[in-house]
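I would like the atomic coordinates for the input below:
(one chain, ligands or ions: 3)
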Amino acid sequence: MWRRVASLSSSISSSFLAQTASRLNTWESLTTGIAQQAKGVIAPKEKTPFITFFLGGPGSGKGTQCIKIVETFGFAHLSAGDLLRREIASKSADGAMILNTIKEGKIVPSQVTVKLIQKEMELSDNHKFLIDGFPRTEENRVSFERIIGVEPNVVLFFDCPEEEMVKRVLNRNEGRVDDNLETIKKRLTVFQALSLPVINYYSERGKLYTIKAIGTEDEIFEQVRPIFAAFEQTVG
Ligand SMILES: Nc1ncnc2c1ncn2[C@@H]1O[C@H](COP(=O)(O)OP(=O)(O)O)[C@@H](O)[C@H]1O
Ligand SMILES: Nc1ccn([C@@H]2O[C@H](COP(=O)(O)OP(=O)(O)O)[C@@H](O)[C@H]2O)c(=O)n1
Ligand SMILES: [Mg+2]
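Ligands and ions are numbered 1, 2, ... in the order given. All right, here's what the predicted structure looks like:
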């Protein structure tokens, strides 16, 4: 189980800690754990999380490359879109709202998406995360930082011409309600207006790696692989 502990990370939010602690049953068990570690009774097991955001327009190949990174480097893959679609399928209270938002090519309120990501991170045994299709807006970005309390280590941007993205999405064949020309056009507008500012934000902070997302899947992976290979020693 991936855990972050206050004494090991001052940046973690109190709500995240509280929820983590409740999964460990009580605050007492958490603080006892910290005390034991401090005394060297047990070796610390917690690893600092390593967070990667995969950004890019619809059909730019984010999900495809995530699968390759999982296979090669053992990351956990959290697709924001998949988590939202799972919520629709589970007929949860937010399901109808999420479905309408996706059909319209708009962005689901950040609170909803971040909570789903948070739950997956907490349940994961892994400490290395590929967060795919998130953050898609500045609101997404700020909400993640506020609720999860951490920033990404690395951000990848899959830069793909619109024409190619449209072609790929129309051929995707996964039965998605948003893989039609009308919704794709809306999604591309949303991407330009709301997602590009997030990409620029990470570029200004020196965290962005731009991938030329044209070519075969393997050719694109040859751009992606060295980024992760370079971090492999430090990530663990
Ligand atoms: N390099 C590529 N060349 C051609 N088609 C691709 C490439 N990478 C992915 N695809 C296909 O394009 C579609 C969209 O890819 P996907 O990984 O789902 O993109 P995203 O998650 O960015 O929307 C899928 O059908 C996928 O198989
Ligand atoms: N951070 C996110 C990610 C996806 N979504 C919604 O889910 C849809 C599908 O996202 P996705 O990541 O599966 O899409 P692709 O880029 O893989 O085509 C988006 O168009 C949004 O409607 C969202 O609202 N917020
Ligand atoms: Mg995808």
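
do the helix or strand where Leu78 lies and ligand 1 meet at all?
Per DSSP states H and E: Leu78 is located in strand 76-79. No. For strand 76-79 and ligand 1, the contact criterion (Cβ under 6 Å from any ligand atom) is not met; the two come no nearer than 7.4 Å. Any C-beta I mention is one placed from the backbone N, CA and C, and that applies to glycine too.

Quick one: mean pLDDT over that strand.
For strand 76-79, mean pLDDT is 98.

Provide the contact partners of the helix or strand following that strand at residue level.
Heading C-terminal from strand 76-79, the first helix or strand you meet, by DSSP H and E, is helix 80-89. Contacts of helix 80-89 with the rest of the structure, by Cβ atoms under 8 Å, 6 or more residues apart in numbering, involve 94-95, 98-99, 102, 108, 112-113, 116-117, 120, 131-134, 136, 176.

tell me the domain boundaries of the chain?
For the chain, automatic domain parsing gives the domain ranges 1-46, 50-235.

looking at those, which one has the lowest mean pLDDT?
Across the domains of the chain, domain 1-46 gives the lowest mean pLDDT, at a mean of 36.

I'd assumed Ala213 was in contact with Asp159.
Yes. Asp159 is within contact range of Ala213, at 5.7 Å (criterion: Cβ atoms under 8 Å).

Mutual contacts of those two, please.
56, 60.

Please say which of these two ends up with more neighbours.
Counting neighbours by other Cβ atoms under 10 Å for Asp159 and for Ala213 shows that Ala213 has the greater number, 26 against 15.

contacting residues for that one?
Taking Cβ under 8 Å, 6+ apart, one finds 56, 60-61, 158-160, 164, 220 in contact with Ala213.

now with 6 Å?
60-61, 158-160, 220 (Cβ atoms under 6 Å, 6 or more residues apart in numbering).

Most neighbours out of the residues you listed, which is it?
Ser60 (27 neighbours).

ok so that one is a helix residue?
No. Counting by DSSP: H, G, I helix; E, B strand; the rest coil, Ser60 falls outside a helix, being coil.

and which of the contacts of Ala213 is nearest to ligand 2?
Of all the contacts of Ala213, ligand 2 sits closest to Ser60, with 7.0 Å by Cβ to the nearest ligand atom.

distance of the closest one from Ala229?
22 Å (Cβ to Cβ, to the nearest Å).

With Asn171 instead?
Counting by Cβ to Cβ - Asn171 and Ala229 are separated by 31 Å.

go on, Val112?
From Val112 to Ala229 the distance is 35 Å (Cβ to Cβ).

So which of the two has more stuff around it?
Val112 (17 against 11).

if you skip the residues just before and after it, what's nearest to the more buried one?
With Cβ to Cβ, 6 or more residues apart in numbering as the measure, Asp94 is the residue that lies nearest to Val112, at 5.5 Å, once sequence neighbours are left out.

Show me which residues of the chain sit near ligand 1.
56, 58-64, 168, 171-172, 215-217, 220.

List buried residues within the residues you listed.
56, 58-63, 168, 220 (16 or more other Cβ atoms under 10 Å).

And the residues you listed, which two are furthest apart?
Pro58 and Ile220 (16.2 Å; Cβ to Cβ).
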